[in-house]
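Asker: quick one: sequence and predicted model below, then my questions.
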Amino acid sequence: MVSLSGTLGLLPGEPDASACSAISSRRSVQRSRRIWVSLILTMADGTLVFDALYPALGSDIRSELATQVGAHLSIEGCLTVDAHQRTDVPGLYAAGDVVLGLDQISHAMGEGGVAATTIRNDLARRTPLRR
């Protein structure tokens, strides 16, 4: 899915060559000493103007392996985790698109950092880690 958000709202779907001729031009507008660049998208049924384009990709939740070892899923099909990315299976941690939340790379990286720190701390509780 490609989402185009901007001054005219949200355009869901997947524009293709038949529906969308091209991002035809950019225009600069000076507002209060700042220059804003708008993108103009020409489609078969009209023209849309956007301040920003935000690509959004759909994702398939791949939680089958985790469920095979007993991890529980939310009603959306995502693995359920605590605030430290632990699942309900001891030693199993999850981060990114497989858990419920904001499906963005930066968010997944943050969750991965939380999970890594939690793994390190959980291991240190069992066996002290030497530096």
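Answerer: Nice, thanks for sending it over. Numbers count the residues shown, from 1 in each chain.
Asker: near residue 131, how many other residues are there?
Answerer: 2 (other CB atoms under 10 Å). No exception for glycine: its C-beta is placed from N, CA and C like everyone else's.
Asker: try residue 78
Answerer: 17.
Asker: which residues touch it?
Answerer: 61, 63, 98, 99, 100 (CB atoms under 8 Å, 6 or more residues apart in numbering).
Asker: my read is that the fourth one contacts residue 82, right?
Answerer: No - checked against CB atoms under 8 Å, the pair residue 99 and residue 82 is beyond contact range at 10.5 Å.
Asker: CA atoms of the longest helix along the chain as CSV?
Answerer: Longest helix in the chain by number of residues (criterion: DSSP state H): helix 105-126. Listed in CSV are the C-alpha atoms of helix 105-126, where the atom choice follows Å, rounded to 0.1, in the frame of the first residue of the first chain:
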residue,chain,number,x,y,z
ILE,A,105,11.8,1.0,10.9
SER,A,106,12.9,3.5,13.5
HIS,A,107,10.4,2.2,16.0
ALA,A,108,11.4,-1.4,15.3
MET,A,109,15.1,-0.4,15.9
GLY,A,110,14.1,1.1,19.2
GLU,A,111,12.2,-2.1,20.2
GLY,A,112,15.2,-4.1,19.1
GLY,A,113,17.5,-2.0,21.4
VAL,A,114,15.1,-2.6,24.3
ALA,A,115,15.0,-6.3,23.6
ALA,A,116,18.8,-6.5,23.4
THR,A,117,19.2,-4.7,26.7
THR,A,118,16.6,-6.9,28.3
ILE,A,119,18.3,-10.1,27.0
ARG,A,120,21.6,-8.9,28.4
ASN,A,121,20.1,-8.1,31.8
ASP,A,122,18.2,-11.3,31.9
LEU,A,123,21.3,-13.3,31.1
ALA,A,124,23.3,-11.4,33.7
ARG,A,125,20.8,-12.4,36.4
ARG,A,126,21.4,-16.1,35.7
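Asker: for that helix, what is the distance to the chain centroid?
Answerer: 19 Å (CA atoms, centre = their mean, to the nearest Å).
Asker: of the contacts of residue 78, buried ones?
Answerer: 61, 63, 98, 99, 100 (16 or more other CB atoms under 10 Å).
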